[in-house]
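In: for reference, the sequence and a predicted model appear below.
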Amino acid sequence: MTFDKEKILEYCNRISKNTLMETLNIEYVDAGEGFLTATMPVNPSVHQPMGLLHGGASVALAESVGSAASFIFINPEVSEVRGIEISANHLKAKREGVVTATAKIIHQGASIHLWEIRIVDERDNLISLCKLTNMVLPKRKKAH
């Protein structure tokens, strides 16, 4: 399979319609061999009560980009991806602007993918550091 960055980004953004990714305004913006990058605006819709970026929104961003990245490596005709564990260390507060999450592959096995997701601000300050484990499963037939 040849790597087509534009096709991958278009696909990731298209399947995000009417999902949590659309609700959080997550946009996939870059892809390459072994990585995928997405952005999310920081505004009151993703704040916790003290006016800071909610850790749960950061984790949703991390899991979204890491799961989409795993999808790039599988054959969707026969396999599907499920996130099975995520951990996050929130290191710096953010009130406004944009955060960028980049998922980089750590381990790409036949049934397990391990990703490191770095969430940074516009000045490349590390906001959160996450680790996501995805399981690759045989595709199930949809029940009617």
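Out: Yes, it's here.
In: residue ranges with poor pLDDT in the chain?
Out: For the chain, applying pLDDT under 70 flags the ranges 1-2, 143-144.
In: could you point out the longest helix in it?
Out: helix 55-73 (DSSP state H).
In: how much space between the residue nearest the centre of the chain and Gly51?
Out: Closest to where the C-alpha atoms of the chain average out (CA atoms, centre = their mean) is Val65, at 1.3 Å. Distance, Val65 to Gly51, using CB to CB, to the nearest Å: 25 Å. No exception for glycine: its C-beta is placed from N, CA and C like everyone else's.
In: CA atoms of whichever helix or strand Glu6 is part of as CSV?
Out: Assessed by DSSP states H and E, Glu6 sits inside helix 5-15. Below are the C-alpha coordinates for helix 5-15, written out as CSV (Å, rounded to 0.1, in the frame of the first residue of the first chain):
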residue,chain,number,x,y,z
LYS,A,5,-1.2,11.7,3.1
GLU,A,6,-4.0,13.8,1.5
LYS,A,7,-6.3,10.7,1.2
ILE,A,8,-5.7,9.7,4.8
LEU,A,9,-6.4,13.2,6.1
GLU,A,10,-9.5,13.5,4.1
TYR,A,11,-10.7,10.1,5.2
CYS,A,12,-10.0,10.8,8.9
ASN,A,13,-11.8,14.2,8.8
ARG,A,14,-14.8,12.8,6.8
ILE,A,15,-15.5,9.9,9.2
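In: on that earlier part again, the residue nearest to the centre of the chain contacts Ala103, doesn't it?
Out: Yes: here Val65 lies in contact with Ala103, judged by CB atoms under 8 Å, at a distance of 4.6 Å.
In: quick check: neighbours shared by these two?
Out: Leu36, Thr37, Ile117 (CB atoms under 8 Å, 6 or more residues apart in numbering).
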